[in-house]
Each structure stands twice: as C-alpha cells, then as structure tokens.
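Visitor: Next one to model:
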Amino acid sequence: QVQVVESGGGLVQAGGSLRLSCTASGSTSSINTIGWYRQAPGSQRDLVASITKNDMTNYADFVKGRFTISRDNAKNTVSLQMYDLKPEDTAVYYCNAFYWLLRQRTAWGQGTQVTVSS
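Guide: I've put the predicted structure just below:
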C-alpha cells in the first residue's frame, strides 16, 4: 500500500507564495504518478498539476506559469510551489498517488487548506 500526507497550507495574501509538500510512504517504488488536486466549497475536485515517475509534468491551464511541481526521490516528496496566488486559488489541496500493486490503485491524502486573502 501507499500512503500520502500533505503539508504546507496556510493563509497568504494575494500575490504571495506558498509551498505544499506531499510525502509518500509504503510501497513508494510502485508509484506511477503523483498529482495535486484542489476543491473549493461547492465545487468539484480539479487536477492542479501532476508529475510522473519519469518527471513528465502536467498543469491545469489556470495555474500555468504560476505553479511548479517537482519531486525529491530521496525524500519521497512531491512539492507544489505556488507563486502569485489569487483569491480564486483558495481551496483544500489534496495529494493523490496512482500506483500499481497487483492492480491500479490510488491513495489520497487528507488535504491541506490554502486560503488567499484579497
């Protein structure tokens, strides 16, 4: 099994920066992709950015040029560096790991709140 835990959320003013971290544990060598998702109240959960085990990255249009996803294999951590934050970025941010262990599986973290004040 794989477990993921998020950290790094908080309150920031518009135009500020935050760095979120997702730390994986368990069968980490089986992970194919780790993604960051976000969900605002009353909205669906949307993909923000993802990174594969081959370091291929994908970003949602609404964060391109402002957010950067990266990985530190030694620490089993995937980070999401967020710049130029906007009030509409306010949401709970979730880490998700897609991994293969006899079959395709997914693991979600508990989420971390990001609040951007105007």
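
Visitor: use CA for all of it now, contacts and neighbours both
Guide: Fine.

Visitor: residues in contact with the closest residue to Ala60 other than its chain neighbours?
Guide: In space, and not counting its chain neighbours, Ala60 is closest to Val48: 5.2 Å by C-alpha to C-alpha, 6 or more residues apart in numbering. The contact partners of Val48, by C-alpha atoms under 8 Å, 6 or more residues apart in numbering, come to 35-38, 59-60, 63.

Visitor: most neighbours, which of those?
Guide: Among the contacts of Val48, Trp36 has the most neighbours (other C-alpha atoms under 10 Å), with 27 neighbours.

Visitor: burial measure for the closest residue to Ser21 other than its chain neighbours, as a count.
Guide: Nearest non-adjacent residue to Ser21, counting by C-alpha to C-alpha, 6+ apart: Ser79, 4.4 Å away. Neighbour count for Ser79, taken as other C-alpha under 10 Å: 23.

Visitor: max-length strand in the chain?
Guide: strand 91-101 (DSSP state E).

Visitor: got the buried residues for it?
Guide: 91-100 (16 or more other C-alpha atoms under 10 Å).
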